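Asks: Below is the sequence, then the predicted model.
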Amino acid sequence: MKKDYPALAADILRLVGGAENVSFVMNCATRLRFTLKDMDLPKTEEIKALKGVIDVIIQNGQYQVCIGPDVPDVLKEVKKLCNFSGDADTAPEQKKKGIDRIFEVISGVFTPIVPVLMAAGMVGALLTVLNLTHILPETSPTYYVWNIIKEAGFYFLPFYIAYTASQKLNANPFLSMLLAGVLLHPQLSSFESLGVDQLSWFGIGIRNVSYANAILPVILGVWLLGYVERFFTKFMPQVIRAFAVPMLTMLVVVPIELILIGPMASYVADFLANAVLYMGDHFGFIAVGIIAALTPIMISTGTHSFAFPVILASLASNGFEGLLVPAMLAENLAMAGAAFAAGFKSKDADEKAEANAATLSACMGISEPAMYGVALPKKTPFLASIIGSGIGGLVAGLFGVRFYTIASASFVGLPATIGENSMKSFIGALITIAVSFAAAFFFTMLLSKKDGSTEETAEEAVKLNGPAEVASPINGRLIALSEVNDKTFASGAMGEGCAVIPSDGVLRAPADGEIIMLFDTKHAIGIKTTDGVEILIHIGMDTVNLNGEHFEAVKKANDKVRKGDVIVKFDIDAIKAAGYDVTTPVIITNTADYASITKADTAEVKAGETILTVE
């Protein structure tokens, strides 16, 4: 059956607060990801109840509506209803704490480009395996062709980031990509061929910096571009605005980018290079741990460019490198462990697949998919990777791990740790890999629980507390859900359960818990029990059309209830007289969390008697 995407899109948009409450919307593999002006406006339980919606998740400042594989079709219809390109003057964002705002921007910037990172990272991992097994040596022309995929994925990262950052920071996307094009222009780093000793702007020298793989300079540049463009748009006469605003914006932003913002990462890299050398000379094995802990931060900000020259210098002078590459080994495997933990605790199949692919890529020495696609957007895995990297780095320092040639800081680079007629470094590297992975995995799980991002699942609650029982909320006759005269309920699309044909108009709490949703029309109630069972009780069919008439709410949303507490009273005779079926479904909306849901084998029930057993 053809799905009604326009209707679903319209319902979702209405329930998130209307187009006027939306600053930005995009999609990932399974979800519509909204940036909302007021996160209190969405009617979450009503959205969850829509046919075609799997779940709603609020995370990293985003309001995420889970749709499944049809999400691109739904997004297309949502965008037809209104333009969410965003404007700083008309779409102010909610005030958030500094760190929350930073991670919200990071999530918005990197989530859309996860497919690019996955493609590049996994192609790189595949080529590593093919080369290692001599199936496709790195000297093969075919290898070169496929390697371009990996290289283009990361080399042109500024372009991808410029576009997504423009969407998040309210800047013109095409001027943002033009800025990225300026940074990646070949003549910017090879101006000697033009007969110029040094690039300058009105006598101010421009430092020669490579912006391939650049991240922070691009995001900051796009942020500035947005403000500059809006300034000129505001004051420029309309008759010349079309050409004057883009021209003046770039004339102002490009020099600032090349003179101040862009080289900033390079200056930081120079400082870090000197700091690394100093720590190596004075801190012993602890230096490896410190550098390893800082490596995720340096990579995420693009300030790690100093590493390769330092590594080469160390190999040339000492015949080995025992500081930076061991630290990178710890970082790669810690990032793999954090990504694996994120996938392990996720209930979303697509997120699991992405996290597992990123884990494999990081194990092969390419940690960007894990960092940008998993760790940074989710925040907690990134913090855990820092801790895991530090612990792994300390282990690498204690065991004196050394690399005797240029090699990937990963599983495939292990042969490079064998030297000086000893396997000591090789063994130390294996232990470093295990410790880094395990530590990051452990701290991702631990911190997720502490910050509340991983709640006890309903399945875990059942294992801890035994089977959960759901009592009848009302007196009446118990029937199977399939007998309900409504396809949405009868099909089980909203979850398994049963229904009661009520004999009176008093609805009570079916278990101890909390009212997580009570419709304004008072005909539908959502309850989460203390055992983690999520219950939807829907009084009658299509009774939403009564707009609350004949219903009286005794409790309200967020109230705690005990089994048997009266929640809603309704005039059953008046509702029947109005032509409505009063059959009341009782649905377990988190059915997927349980192995079985069993209906009681009885006909007549009284409020308080068990009608469902959840295991």
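Replies: Thanks, I have it. Numbers count the residues shown, from 1 in each chain.
Asks: Distance-wise, check Glu514 relative to Lys528.
Replies: 5 Å (CB to CB, to the nearest Å). (Glycine included, C-beta is placed from N, CA and C.)
Asks: what about the nearest residue to Tyr155 once chain neighbours are set aside, neighbour count?
Replies: Once flanking residues are discounted, Tyr155 sits nearest to Ala212: 4.7 Å by CB to CB, 6 or more residues apart in numbering. If you count neighbours by other CB atoms under 10 Å, Ala212 ends up with 15.
Asks: Leu518 too?
Replies: Leu518 has 21 nearby residues by other CB under 10 Å.
Asks: what's near enough to touch it?
Replies: Taking CB atoms under 8 Å, 6 or more residues apart in numbering, we find Leu518 in contact with 524-526, 553, 555-557, 567-568.
Asks: Show me where the stretch 1-150 of the chain has its strands.
Replies: Assigned by DSSP state E, counting those that start in this stretch, the strands in the stretch 1-150 of the chain fall at 22-27, 31-36, 55-59, 62-66.
Asks: Next, format those strands as CSV and append mean neighbour count, distance to Val239 and mean pLDDT.
Replies: Output for the strands of the stretch 1-150 of the chain, formatted as CSV (neighbours: other CB atoms under 10 Å; distance: least, CB to CB, whole Å; pLDDT from 0 to 100):
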stretch, mean neighbour count, distance to Val239, mean pLDDT
strand 22-27, 20, 30, 80
strand 31-36, 24, 34, 82
strand 55-59, 17, 46, 77
strand 62-66, 23, 40, 82
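Asks: What is the end-to-end distance of stretch 255-270?
Replies: 22 Å (CA to CA, to the nearest Å).
Asks: what does the average pLDDT come to for that stretch?
Replies: Mean per-residue pLDDT for stretch 255-270: 82.
Asks: secondary structure class for the residue nearest the centre of the chain?
Replies: Central residue check for the chain by CA atoms, centre = their mean: the C-alpha nearest the mean position is that of Pro377, 4.3 Å away. The local conformation at Pro377, judged by DSSP: H, G, I helix; E, B strand; the rest coil, is helix.
Asks: does the residue nearest to Tyr155 sit in a helix, a strand or a coil?
Replies: Assignment for Ala212 (three-state DSSP): coil.
Asks: Please apply the same query to Asp531.
Replies: coil.
Asks: Begin at 58, not 1, for the rest of this chat.
Replies: Fine by me, first position is 58 from now on; the one you just mentioned is Asp588.
Asks: How many neighbouring residues does it have?
Replies: Neighbours of Asp588 (other CB under 10 Å): 19.
Asks: next SSE after the helix or strand of the chain with the lowest mean pLDDT?
Replies: Every helix and strand in the chain was compared by mean pLDDT, DSSP states H and E; the lowest is helix 515-522, with a mean of 48. Next along the chain after helix 515-522, taking DSSP states H and E as the criterion, comes strand 525-528.
Asks: tell me how far the ends of stretch 588-597 are from each other?
Replies: Terminal-residue distance, stretch 588-597 (CA to CA): 26 Å.
Asks: Can you give me the neighbour number for Asn265?
Replies: 14.
Asks: now Ala410
Replies: Neighbours of Ala410 (other CB under 10 Å): 14.
Asks: where along the stretch 458-607 of the chain do the helices fall?
Replies: Assigned by DSSP state H, counting those that start in this stretch, the stretch 458-607 of the chain shows helices spanning 481-507, 515-522, 544-547.
Asks: so which of those helices comes closest to Arg619?
Replies: helix 515-522 (16.9 Å; CB to CB).
Asks: residues in contact with the residue nearest to Tyr212?
Replies: With CB under 8 Å, 6+ apart, Ala269 has these contacts: 211-212, 214-215, 241.
Asks: same thing with Ala610?
Replies: Per CB under 8 Å, 6+ apart, neighbours of Ala610: 575, 579, 624-625.
Asks: In PyMOL, how would I select just the buried ones from those?
Replies: To isolate the buried members of the contacts of Ala610 in PyMOL, using 16 or more other CB atoms under 10 Å:
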select buried, resi 575+579+624+625
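Asks: any idea which of the contacts of Ala610 is closest to Arg90?
Replies: Of the contacts of Ala610, the one sitting nearest to Arg90 (CB to CB) turns out to be Leu575, at 27.3 Å.
Asks: Bridged to the closest one, which residues?
Replies: Ile582 (DSSP bridges).
Asks: okay, it: pLDDT?
Replies: Note on Leu575: pLDDT of 84.
Asks: And for the one 4 residues further on?
Replies: Lys579 carries a pLDDT score of 87 in this model.
Asks: burial of the residue nearest to it when sequence neighbours are not counted, as a residue count?
Replies: Closest residue to Lys579 in three dimensions, ignoring its sequence neighbours and counting by CB to CB, 6+ apart: Phe608, at 3.7 Å. Applying other CB under 10 Å, we find 22 residues neighbouring Phe608.
Asks: what's near enough to touch Phe608?
Replies: 578-580, 596, 625-628.
Asks: Select, out of the strands of the stretch 58-207 of the chain, the one closest to Gln295.
Replies: Nearest of these (CB to CB): strand 79-84, 25.6 Å.
Asks: Note down every partner strand of the closest one and its orientation.
Replies: strand 88-93 (antiparallel).
Asks: Run the chain-centre distance for the strand it pairs with.
Replies: 11 Å (CA atoms, centre = their mean, to the nearest Å).
Asks: Kindly report the same for stretch 121-136.
Replies: Centroid separation for stretch 121-136 versus its chain: 16 Å, with CA atoms, centre = their mean.
Asks: and the end-to-end length of that stretch?
Replies: Termini of stretch 121-136 sit 16 Å apart (CA to CA).
Asks: and what of stretch 463-482?
Replies: 15 Å.
Asks: neighbouring contacts of it?
Replies: Under CB under 8 Å, 6+ apart, the answer for stretch 463-482 is 185-186, 189, 368-369, 372, 376-377, 382-383, 385-386, 388-390, 419-422, 456-462, 483, 485-487, 490.
Asks: Give the buried subset of these as a PyMOL selection command.
Replies: Of the contacts of stretch 463-482, the buried ones can be selected in PyMOL as follows, counting by 16+ other CB under 10 Å:
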select buried, resi 185+189+368+372+377+382+383+385+386+388+389+390+419+420+421+422+456+458+459+460+461+483+485+486+487+490
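Asks: where does the stretch 458-607 of the chain dip in pLDDT?
Replies: In the predicted model of the stretch 458-607 of the chain, residues 507-523, 544-545, 550-551 satisfy pLDDT under 70.
Asks: circling back to that earlier point, in JSON lines: the contacts of Ala610, plus distance to Pro63.
Replies: Compiled in JSON lines, the contacts of Ala610 are given as follows (distance: CB to CB, whole Å):
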{"residue": "Leu575", "distance to Pro63": "29"}
{"residue": "Lys579", "distance to Pro63": "29"}
{"residue": "Ile624", "distance to Pro63": "35"}
{"residue": "Val625", "distance to Pro63": "33"}
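Asks: So which residues of the stretch 558-672 of the chain form strands?
Replies: According to DSSP E, counting those that start in this stretch, the strands that the stretch 558-672 of the chain contains are 563-565, 570-575, 581-586, 591-595, 608-610, 617-618, 623-627, 641-645, 654-656, 661-662, 667-671.
Asks: Quick check: which of these is nearest to Cys555?
Replies: strand 654-656 (4.6 Å).
Asks: for the closest one, packing partners?
Replies: Strand 654-656 sits against strand 553-559, strand 667-671, with contacts defined as 3 or more CB pairs under 8 Å, 6 or more residues apart in numbering; DSSP states H and E.
Asks: hang on, the earlier thing: which among the contacts of Ala269 count as buried?
Replies: Counted by 16+ other CB under 10 Å, the contacts of Ala269 give 211, 214-215, 241 as buried.
Asks: out of those, which are inside helices?
Replies: 211, 214-215, 241 (DSSP state H).
Asks: Could you dump the residues you listed into TSV and include distance to Gly178 and pLDDT?
Replies: Formatted as TSV, those follow (distance: CB to CB, whole Å; pLDDT from 0 to 100):
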residue	distance to Gly178	pLDDT
Phe211	9	79
Leu214	12	85
Pro215	17	89
Leu241	20	90
